[in-house]
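K.L.:
Just a sequence and a predicted model for now, questions to come.
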Amino acid sequence: MRLLVAGAGARGAAYARLAAATGQATIAGIAEPRRTLRENLAAELHVPPAGVFEDWQSMLAARPSADAVIIATPDREHEGPFEAAAMLGYPILLEKPVAVHPAGCAALAQLARDTGVSATVCHVLRYTPLTALLRQLLAEGAVGRIISVQHLEPVGFWHFAHSYVRGNWRREEDSSPFLLAKCTHDVDWLSFIIGSQPVRVSSFGQLAHFRPEGAPEGAAPRCIDCPAEPQCPYSAVRIYGAGRPENGAAADPARAHFSEVVDPGGTAESLLQALATGPYGRCVYSSDNDVVDHQVVNLEYGNGVTAAFTATAFTAAGPRRTRIFGSRGEISVEAGAISVYDFLTGETAVHTVPAAVPLVRGERHEGGDRGLVGAWVAALASGDWSGVVSGLEESLVSHAAVFAAEEARHHGTVAAVDQFSPVQ
């Protein structure tokens, strides 16, 4: 399979590497406005010079010989490449969110129907080994009928500071609401696990901490020369320095990914220069961020199940945590293990899920990235799409729920999901 990649940032590059790693696909074209990212990925994946473009418009106008397109442009720039690729008949793998407003989602859903192209959304949590095992246990009746669910997305204090205070998703008008940018995964996953679509939602949340009034006394605009930096948990010097330490010390693997985002292909010295001049070195209390730093969403599903979902910056970074309460038992999902407590026997069975060792640089989501890309490439090669479980119309259910939750949060109401559904 010959693939085109529109957007060679962290997500697009990871999907491209994973596609090539299947042995069933090659990257025939890359479009990316940032020269360093474009040239580095092209060299890594052996993309010929004729297949390297500065933007997706040029790439698709050239009509390279290809079998499908990966779209991983910024959140607000999905509609253009999707429309162009669909009109050319390319199957599409689209990074979430599909679009940042209901009208955009509706337009792309209609376009997919009109052109008949296959469109798959990168809701990667559906493809993790943990999800597969959990759905198997539920299907076997491990807890009887599901009654309610609690779910936590522990974003992590330093991850939130990177992406949602200093980074690309810090402002709604430039990207999208926090819930859409970060938690569409979770809302989608809950529907997949519960086996029903949400019908009503309420939500509460605000920007509580990362504000000017939260700054410690004497704080400077940048961490690099701030007298309060040694005692600040959000220090950019500490966060990114751990990912690219000086003197050859071992790097923190999780933070190394983020250090590379800040200063692609650089050194410990160039990282400090990036923090002195770029957005990632700003004080978290002096940025121009406006997205919420914590939010709760309550959901009611068509089958009567209720769910309470919390997303918060103020946690250690770690895996999502879920508790499922059923008529015959309770399930706890945390840190790669599923514990099932049986009401009748009083016994707890623990099912471990082996940790997914990343195959390529940038791979994340506990095997979900790999599972998604592998299923998609296999479907392209074989024509059997049964392994692809995040098609566009199904994925848009979670978007409607997020739009409804934002309506509820802003207006203090309980919102009906169907009024935001792009698929009628």
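P.N.:
It's in.
K.L.:
Any stretches of the protein with poor pLDDT?
P.N.:
The model of the chain has pLDDT under 70 over residues 423-424.
K.L.:
all helices for it, in order.
P.N.:
Assigned by DSSP state H, the chain shows helices spanning 10-21, 35-44, 56-61, 79-87, 102-115, 129-139, 157-160, 178-194, 236-241, 253-262, 268-277, 368-382, 392-411.
K.L.:
Let me have the ones you listed in CSV, extended by mean neighbour count and distance to residue 2.
P.N.:
For the C-beta atoms, the positions are set from N, CA and C on the backbone; glycine is no exception. CSV is the format used below for the helices of the chain (neighbours: other C-beta atoms under 10 Å; distance: least, C-beta to C-beta, whole Å):
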stretch, mean neighbour count, distance to residue 2
helix 10-21, 23, 10
helix 35-44, 16, 15
helix 56-61, 19, 13
helix 79-87, 20, 14
helix 102-115, 17, 20
helix 129-139, 17, 29
helix 157-160, 23, 35
helix 178-194, 23, 29
helix 236-241, 23, 36
helix 253-262, 19, 27
helix 268-277, 17, 35
helix 368-382, 22, 10
helix 392-411, 22, 22
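K.L.:
For residue 361, find the nearest of these.
P.N.:
Nearest of these to residue 361, taken as C-beta to C-beta: helix 10-21 at 6.6 Å.
K.L.:
Which one of the helices of the chain lies nearest to residue 355?
P.N.:
Closest to residue 355 of the helices of the chain, according to C-beta to C-beta: helix 129-139, at 9.6 Å.
K.L.:
got a list of contacts for the closest one?
P.N.:
Contact with helix 129-139 is made by 125, 146, 189, 192-193, 195, 324, 331, 333, 336, 338, 340, 351, 353-354, 356, 366-368, 371, as judged by C-beta atoms under 8 Å, 6 or more residues apart in numbering.
K.L.:
ok, now which ones touch residue 191?
P.N.:
Residue 191 touches 197-198, 301, 397-398, 401, counting by C-beta under 8 Å, 6+ apart.
K.L.:
and if we set it to 6 Å?
P.N.:
Listed by C-beta atoms under 6 Å, 6 or more residues apart in numbering, the contact set of residue 191 reads residue 197.
K.L.:
Check the one 5 residues further on too.
P.N.:
For residue 196, the contact set (C-beta under 6 Å, 6+ apart) comprises 301-303.
K.L.:
run the last query once more with 8 Å
P.N.:
By C-beta under 8 Å, 6+ apart, the residues touching residue 196 are 301-303, 305.
K.L.:
Apply the buried test to those and list what passes.
P.N.:
301, 305 (16 or more other C-beta atoms under 10 Å).
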